[in-house]
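1. Need a 3D model of the sequence below.
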Amino acid sequence: MRLSSVVARSLFLFAVFAFTGLAVERPGTTYKIFQFPADKIPRVDGHADDWSIVPDDYAIRMDMFSDDQNPGVKPDPKNLDVKVKIGWVKGLNRLYFLYEASDNYWDFSRPDLHNDTFEIVVDGDLSGGPLIEQFHPNKDVLSPMERHFSFHGVQAQNYHIFTPAEGKDWTMAWDCAQYIKDLPFANAAYNYDFKPGASGKLTLEFWITPFDYAGCEGPGRAVESTLRESKLIGLGMAILDYDDVGSDKHSFWNLSPKHTMYGQASELLAFRLMPVEAQLRKKIAAGWSFKVVDMDRRLVAFKDLSEGKITSWKWDFGDGTTSTEQNPTHTYTKPGENYVVTLSVEGPDGKSRFSRVWDVAVQ
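-> Numbering: from 1, shown residues only. The predicted structure follows:
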């Protein structure tokens with residue numbers, strides 16, 4: 001896709017979200033996704049210890065859900081109490097989830113879909129629209145299987161996560177691309193000590209990879225959603241809670257006001273990928289990236305990525321020349337060399353240096 005097409009599409013999605021509200025429900029409300037620093041990536045082991053750094057205002061709590069099977073009924077924490085936190089890590093196209101739930105009756109004895117469930121729907125590029133074959137716009141001319149194999153879960157993904165999963169797969173990926181629920185695209189771990197029909201607390205940790213395109217043909221053509229700071233994504237979640245022995249009736253606690261969010265990405269909610277919280281940032285840390293703008297002229301553009309309050313920059317381009325610009329461009333005169341480039345920064349909180357060894361090469 002050309003850059004102009006990407007920009008035009010981004011502007012269109014922004015306009016849809018900001019002015020019409022068609023891409024998400026509750027367009028005036030934005031939920032937050034916590035950014036884990038690279039040295040604090042949570043272990044997926046079923047324990048919540050790694051999530052203690054996540055502030056409480058990131059949590060999705062039970063009182064934010066409504067039971068659209070029984071309108072007007074408020075959640076009773078003695079029956080079911082849930083807290084969800086979501087995280088991400090810059091540079092990884094993964095969404096991390098911590099699901100903690102206390103239930104007075106856990107239903108998970110059967111091998112089929114009948115199971116207490118945490119359902120999530122993810123639209124990584126906020127494109128909106130239907131995502132399951134039942135809502136295909138051309139269902140009058142295509143067979144159910146044609147709709148399924150060309151459409152179901154391709155541009156947004158639905159996960160029925162069994163809470164807990166005992167003797168079966170951890171989730172049903174409700175689409176045709178079953179690879180999305182396995183490594184290297186997903187992983188999950190549980191911690192609980194109750195039996196079917198008993199009460200108790202469940203801790204579930206998992207991560208998934210959102211896709212802009214996840215076709216049935218396999219992961220070779222799949223396109224992961226690129227996660228970046230401040231990006232908005234579409235996300236919905238619901239809790240299916242069975243409380244009666246032998247009954248197929250269940251509560252459907254939904255974060256979205258629309259029941260059909262499970263198959264309509266335009267009925268999801270807006271979640272923002274947040275920057276690292278101030279208390280977890282380094283006071284000062286040099287960092288930079290580069291791009292060879294013109295290899296024939298050996299012209300390289302450098303971009304400052306330093307953290308903290310910076311008052312001065314000094315670049316050593318590795319060829320005996322320097323610059324004090326924040327984001328310089330530099331022309332190398334000697335062809336066929338690899339260079340050691342160093343950025344040194346200073347600020348009120350001290351000094352920092354960062355070099356890349358032989359990354360910058362010109363012909």
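2. so how far is residue 112 from the residue nearest the centre of the chain?
-> The centre of the chain sits closest to residue 95, judged by CA atoms, centre = their mean, with a distance of 3.4 Å. Distance, residue 95 to residue 112, by CB to CB, to the nearest Å: 27 Å. Backbone N, C-alpha and C define where each C-beta goes, glycine included.
3. cool, and residue 59?
-> On the measure of CB to CB, residue 59 and residue 112 end up 31 Å apart.
4. who has more neighbours, the two?
-> Under the criterion of other CB atoms under 10 Å, the comparison of residue 59 against residue 112 puts residue 59 first, with 19 against 7.
5. The more buried one is in contact with residue 85, isn't it?
-> Yes: contact between residue 59 and residue 85 holds when scored by CB atoms under 8 Å: they sit 5.5 Å apart.
6. Same question for the residue lying closest to residue 60 once chain neighbours are set aside, what's its three-state structure.
-> Of all residues not flanking residue 60 in the chain, residue 84 sits nearest, at 4.2 Å (CB to CB, 6 or more residues apart in numbering). Of the three states, residue 84 takes strand under DSSP: H, G, I helix; E, B strand; the rest coil.
7. List the beta-bridge partners for residue 84.
-> On the basis of DSSP bridges, residue 84 is bridged to residue 60, residue 99.
8. which ones are touching it?
-> Neighbouring residues of residue 84 by CB atoms under 8 Å, 6 or more residues apart in numbering: 59, 60, 97, 98, 99, 100, 237.
9. Residue 300 sits in which helix or strand?
-> strand 299-304 (DSSP states H and E).
10. same thing with residue 150?
-> Element membership for residue 150, per DSSP H and E: helix 144-151.
11. Against which helices or strands is the helix or strand just after that helix packed?
-> Reading on from helix 144-151 to the C-terminus, the next helix or strand found by DSSP H and E is strand 157-162. For strand 157-162, the elements it packs on are strand 117-123, strand 171-173, strand 200-208, judged by 3 or more CB pairs under 8 Å, 6 or more residues apart in numbering; DSSP states H and E.
12. I'd like those as a markdown table, with mean pLDDT appended.
-> What follows is the helices and strands packed on strand 157-162, written out as a markdown table (pLDDT from 0 to 100):
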| stretch | mean pLDDT |
| --- | --- |
| strand 117-123 | 98 |
| strand 171-173 | 97 |
| strand 200-208 | 98 |
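13. Next, residue 52: secondary structure please.
-> Under the three-state scheme (three-state DSSP), residue 52 adopts helix.
14. Can you get me a residue count around it?
-> Neighbour number of residue 52 under other CB under 10 Å is 6.
15. What of residue 259?
-> Residue 259: 14 neighbours (other CB under 10 Å).
16. now the one 10 residues further on
-> Taking other CB under 10 Å as the neighbour definition, residue 269 ends up with a count of 22.
17. Name whatever forms a beta bridge with it.
-> residue 25, residue 235.
18. Help me confirm that it comes into contact with residue 32.
-> No: Residue 269 is not in contact with residue 32 according to CB under 8 Å; the separation is 11.5 Å.
19. who touches both of residue 59 and residue 85?
-> With CB under 8 Å, 6+ apart, residue 59 and residue 85 have no common neighbours.
20. ok, which stretches of the stretch 1-150 of the chain are helices?
-> Using DSSP state H, counting those that start in this stretch, the helices of the stretch 1-150 of the chain run over residues 3-15, 144-151.
21. looking at those, which has the lowest confidence?
-> For the helices of the stretch 1-150 of the chain, mean pLDDT drops lowest on helix 3-15, to a mean of 42.
22. Show me the chain divided up by domain.
-> 3-278, 282-362 (automatic domain parsing).
23. Would you point to the one among the ones you listed that's packed deepest?
-> domain 3-278 (a mean of 17; mean count of other CB atoms under 10 Å).
24. and stretch 291-301, how far out from the chain's middle?
-> Centre-to-centre, stretch 291-301 and its host chain are 34 Å apart (CA atoms, centre = their mean, to the nearest Å).
25. gap between the two ends of that stretch?
-> End-to-end span of stretch 291-301 (CA to CA, to the nearest Å): 5 Å.
26. pLDDT (mean, whole number) over that stretch?
-> 97.
27. circling back to that earlier point, dump the helices and strands packed on strand 157-162 into TSV; add distance to residue 320 as well.
-> Shown next, in TSV, are the helices and strands packed on strand 157-162 (distance: least, CB to CB, whole Å):
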stretch	distance to residue 320
strand 117-123	50
strand 171-173	56
strand 200-208	46
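28. can you tell which of the ones you listed is closest to residue 363?
-> When these are compared by CB to CB, strand 200-208 sits nearest residue 363, at 40.1 Å.
29. what packs against that closest one?
-> Under the contact criterion of 3+ CB pairs under 8 Å, 6+ apart, strand 200-208 touches strand 95-103, strand 117-123, strand 157-162, strand 186-191.
30. try 10 Å
-> Packed against strand 200-208 by the contact rule (3 or more CB pairs under 10 Å, 6 or more residues apart in numbering; DSSP states H and E) you find strand 80-88, strand 95-103, strand 117-123, strand 157-162, strand 171-173, strand 186-191.
31. How about residue 302: which residues does it bridge to?
-> Taking DSSP bridges as the rule, residue 302 bridges to residue 290.
32. OK, contacts around it?
-> Residue 302 is in contact with 288-291, 313, 315, 317, 323, 325-330, 341, 343, 360, counting by CB atoms under 10 Å, 6 or more residues apart in numbering.
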